[in-house]
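Trainee: The following block contains a protein sequence and its predicted model.
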Amino acid sequence: MKIITPALLLTGALALAACNQTASAPTGTSVMAGSTGTGCNGEISRYRAVMSNDLATGHVNQSVYNRVDREITQAEAACAAGRDAEAVRMVNATKARHGYL
């Protein structure tokens, strides 16, 4: 029992020491904060913000970003033409193709 007690105290002390560290907000938070909206415009702007952040952080390469951008531009045209449901479906299809759904 005496061997277990110092080990538990050391474990507890290390756990508490880890709690004293402060964490900063992720870099993507500021990108998403400005990406509000409703309907297809909101879907498009939020997905564009995610893709821009992923490009900037190196999670996606330029060729994939360009392909996604072309697909989202088509969804943007459908949205501008008043075909909201079609535009949202297009965005969701792009997300699924690239692993974002």
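Mentor: Cool, got the structure.
Trainee: Where does pLDDT dip in the chain?
Mentor: Segments of the chain classed as low confidence (criterion: pLDDT under 70) are 1-36.
Trainee: ranges for the helices of it?
Mentor: 4-19, 28-33, 39-57, 62-80, 84-97 (DSSP state H).
Trainee: Would you reformat the ones you listed as TSV and include mean neighbour count?
Mentor: All C-beta spots, glycine's among them, are computed from the backbone N, C-alpha and C. Formatted as TSV, the entries for the helices of the chain read as follows, by neighbours: other Cβ atoms under 10 Å:
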stretch	mean neighbour count
helix 4-19	9
helix 28-33	13
helix 39-57	18
helix 62-80	15
helix 84-97	17
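Trainee: Count residues in the vicinity of residue 61, would you?
Mentor: Residue 61 sits with 10 neighbouring residues when counted by other Cβ atoms under 10 Å.
Trainee: How about it: what's its closest non-neighbour residue?
Mentor: In space, residue 61 comes closest to residue 55 once its chain neighbours are excluded; the distance is 8.0 Å by Cβ to Cβ, 6 or more residues apart in numbering.
Trainee: The one you found contacts residue 65, correct?
Mentor: Yes: using Cβ atoms under 8 Å, residue 55 is in contact with residue 65, at 4.6 Å.
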